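# Need coordinates for the following:
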Amino acid sequence: MVPSTSRTRMRRLMLVVGVAVGAATAGWLAGQSVLSPGEATSRAPEPSPITVPVERRVIQNAVVVRGTVRYAAQFDLSVDSDLGDGSLGALVLTGLLPAPGAELAEGAVAVEVSGRPIFVLQGSLPMYRGLRPGVQGEDVRQLESALHRLGFFVGTPDTTYDQTTAAAVRALYADAGYTAVGLSTEEQQQLAAAQQQLDSARAQRVAAEQALAEATAGPPRSQVLAAQGEVEQAQFAVEQAQRAYDEAVAAGADPAEIARLEAELAAAKNRLAVAQAQLEELTAPPDTAALQRAVADARAAEQAAQRHLTQLNATLGFRIPRGEVVFVPSLPRQVGLVNAKVGDTVEGPVLSLTASSVQVDISLSAREKDLVAVGAAAQLDDSVNDISLTGTVAFIADTPGTDGAPPGSYYARIELADADPQQVAGLNLRVRIPVQSTDGPVLAVPVAALVTDASGEVTVRVRQPDGDGFRERDVRVEVGLSADGFAQVTPVDGELAEGDLVVVGSQW
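Numbers count the residues shown, from 1 in each chain. Have a look, this model is predicted:
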C-alpha cells in the first residue's frame with residue numbers, strides 16, 4: 001500500500017507530465033495548422049488559405065551592422081616650449097582657458113601661456129618649426145592660406161615667408177590684443193651695422209662722383225680767356241721785337257744796339273712759348289681714368305652694402321614661434337576635456353578638441369567589406385530614441401584589426417548628415433548600408449508565396465473572388481532580387497498585378 005504522502009507526490013508528478021504533454025501536443029497542432037501552398041495541395045481536409053496582396057516596392061539588399069556615434073577625430077592641444085622670444089622661463093597658464101563645450105573658430109586664441117597666445121588655425125601639417133621671413137615650404141603656404149581666410153593676408157598664398165607674410169602675422173596678433181615677436185637685440189644691432197655700412201658706402205660714392213664731375217668739367221672760362229689774351233699779347237710783343245731788330249740790322253745800327261734788340265726778341269719769343277703752353281694745359285682733356293675707377297669701386301661697395309641690408313630685412317621681421325600656433329585638421333571645434341587651470345605649470349595636453357560634427361564607427365566582416373564601398377549611402381536608426389538618420393561611408397580600413405576593430409574585422413567610418421551632435425553622441429545605432437537595389441519600385445511578393453517545382457520553375461498562386469467563392473490560378477514568375485522577406489517577381493506565364501492576393505500558406 002502506497003503511503004498518502006507518496007500518492008500525493010505521484011498525483012502531482014502525473015499532473016505536471018500531463019500539462020507538459022498537453023502543451024507539446026497543442027504546439028504540434030498549431031505548427032501543423034499553417035502549411036505552404038505546396039503542402040496545402042496534398043493534405044486533407046481542405047485548409048483555409050492565407051493570402052497577402054502583391055506590392056510594388058523598392059527591394060534592397062543591405063549590410064546591417066551596429067555602430068557607435070562619437071565626435072569626429074579628437075585633437076589634443078599641447079603647449080610647445082618654443083614660445084615668444086625664449087625668455088619666458090617656466091610655462092604657466094595665465095589666461096583665456098576655455099570651458100568644456102566652448103567652440104573655437106579659426107584664429108581664436110585657445111589658451112594663454114606665460115602671457116603669450118596660442119592660436120588655432122586650420123591645416124593638415126603640424127607646426128614643426130618656427131616661421132619667419134626668408135623661410136620657404138608648404139607650411140608657409142598653409143599659414144598664409146589661414147591668414148588669407150581671416151582677412152589678414154593680401155595676395156595669393158605661396159611658399160615664401162616675406163614681408164607681406166610678416167605684416168599679416170603682425171595684424172593677427174594685434175587683432176587678438178598681443179604683440180607679434182619682432183627683432184631681438186642682436187638682430188637690431190645687425191640691422192643698425194648694415195645701415196651704417198650702407199650710409200658710409202653711399203657717401204664715398206657721392207665724393208668720387210663729384211671729383212670725377214669736377215675733373216671732366218675743365219677750367220673756368222675766365223682762365224681760358226686770360227690765357228688766350230696772354231698768348232695774343234706775347235705774339236704782339238714778338239712781332240714788335242722782330243720789326244725793331246730787322247730795322248736796326250737794315251740801318252746798320254751799332255752792334256751793341258743790335259745785340260740788345262736781339263735779346264729783347266728772344267725774351268718775347270720765350271714769353272710767347274710760355275703763354276701757349278699754359279693755354280694748352282688749360283684746354284687739354286684731363287686724364288680721369290683713376291677717378292673713373294674710384295667711382296666704379298665706390299658704386300660696387302654701395303651695391304654690396306645695399307644687398308646685405310636687403311637680405312637682412314628679408315630674413316628679419318615679425319615671426320611666429322613654433323609653439324604659438326597649433327594647426328588643427330578642421331575648424332571650428334568644441335572644447336572637450338580641460339586638463340588644467342589658470343596658474344598651473346603646463347604639462348602634457350591642455351585641451352582636447354572635438355569636431356563639431358559626429359561620425360559612426362562600425363566593423364565589417366571580410367565579406368561585408370567586399371560589398372560596401374566608400375561613398376555608399378547608409379541609413380541609421382534607433383527605435384528606442386525614435387531617431388532616424390542618413391550618412392555616407394567615408395572610410396574603410398584596408399587592414400583588419402586596425403582602428404579599434406576586432407581581429408579579422410575591418411574598421412569603417414560613416415559621416416552623418418544633418419545630425420545634432422548633442423542628441424546622438426554616444427548612441428549605438430543600427431546601420432543599414434544598401435549594397436544592391438532594384439531600379440525603382442517593382443512587383444514584390446513575400447518569399448513564402450514562391451513555389452518551386454521539380455523542374456525549377458517558380459510560381460505564385462493567385463486567389464481571387466469568383467461569384468460567391470474564390471478561384472485560384474498559378475502564375476509562373478521570374479524571381480529577381482530578394483531582401484527583407486520579399487522577392488522581386490516578373491510574370492512569365494499569366495497575369496500578376498499590384499493588389500492581387502497571393503497564397504503564402506494555409507491554416508486549418
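
# quick one, phi/psi of residue 398?
phi -90, psi -20 (degrees, to the nearest 10).

# Same check on residue 270?
Here is the backbone geometry of residue 270 (degrees, to the nearest 10): phi -60, psi -40.

# Kindly report the same for residue 60.
Here is the backbone geometry of residue 60 (degrees, to the nearest 10): phi -130, psi 130.

# Please look at it and residue 488 and confirm they touch.
No - with contact defined as Cβ atoms under 8 Å, residue 60 does not reach residue 488; the gap is 10.7 Å. Where C-beta positions appear, they are placed from N, C-alpha and C, glycine not excepted.

# which one of those two has more residues nearby?
Taking other Cβ atoms under 10 Å, residue 60 and residue 488 do not tie; residue 488 has more neighbours (20 against 16).

# Overlap of the contact sets of residue 60 and residue 488?
438, 481 (Cβ atoms under 8 Å, 6 or more residues apart in numbering).

# And the residue nearest the centre of this structure?
Of all residues in the chain, the one closest to the mean position by Cα atoms, centre = their mean is residue 123, 4.2 Å from it.

# Sticking with the closest residue to that one other than its chain neighbours, tell me its helix or strand.
Nearest residue to residue 123 in three dimensions, chain neighbours excluded: residue 327, at 3.7 Å (Cβ to Cβ, 6 or more residues apart in numbering). Secondary-structure assignment from DSSP states H and E places residue 327 in strand 325-328.

# ok, and what's touching that strand?
Strand 325-328 has contacts (Cβ under 8 Å, 6+ apart) with 75, 77, 110, 118-127, 142-143, 146, 353.

# can you tell me which of those are in strands?
Cross-referencing the contacts of strand 325-328 against strands under DSSP state E gives 75, 77, 110, 118, 119, 120, 121, 122, 353.

# With neighbour count, pLDDT and distance to residue 268 as added columns, please give those in JSON lines.
Shown next, in JSON lines, are those (neighbours: other Cβ atoms under 10 Å; pLDDT from 0 to 100; distance: Cβ to Cβ, whole Å):
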{"residue": "75", "neighbour count": "20", "pLDDT": "81", "distance to residue 268": "107"}
{"residue": "77", "neighbour count": "19", "pLDDT": "82", "distance to residue 268": "105"}
{"residue": "110", "neighbour count": "23", "pLDDT": "90", "distance to residue 268": "103"}
{"residue": "118", "neighbour count": "22", "pLDDT": "90", "distance to residue 268": "99"}
{"residue": "119", "neighbour count": "23", "pLDDT": "94", "distance to residue 268": "96"}
{"residue": "120", "neighbour count": "25", "pLDDT": "93", "distance to residue 268": "101"}
{"residue": "121", "neighbour count": "22", "pLDDT": "95", "distance to residue 268": "96"}
{"residue": "122", "neighbour count": "18", "pLDDT": "93", "distance to residue 268": "100"}
{"residue": "353", "neighbour count": "26", "pLDDT": "83", "distance to residue 268": "108"}
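
# which stretches of the stretch 151-300 of the chain form helices?
Under the criterion DSSP state H, counting those that start in this stretch, the stretch 151-300 of the chain contains helices at 163-175, 185-217, 221-250, 255-283, 289-315.

# and the fourth one, what other elements does it pack with?
Counting by 3 or more Cβ pairs under 8 Å, 6 or more residues apart in numbering; DSSP states H and E, the packing neighbours recorded for helix 255-283 are helix 221-250.

# Low-confidence bits of the stretch 351-500 of the chain, can you list those?
Across the stretch 351-500 of the chain, the ranges flagged by pLDDT under 70 are 356.

# same thing but at 80, please
352, 354-358, 418, 420-422, 425 (pLDDT under 80).

# so which of the helices of the stretch 151-300 of the chain comes closest to residue 432?
helix 163-175 (46.8 Å; Cβ to Cβ).

# if you average pLDDT over that closest one, what comes out?
In this model, helix 163-175 has an average pLDDT of 94.
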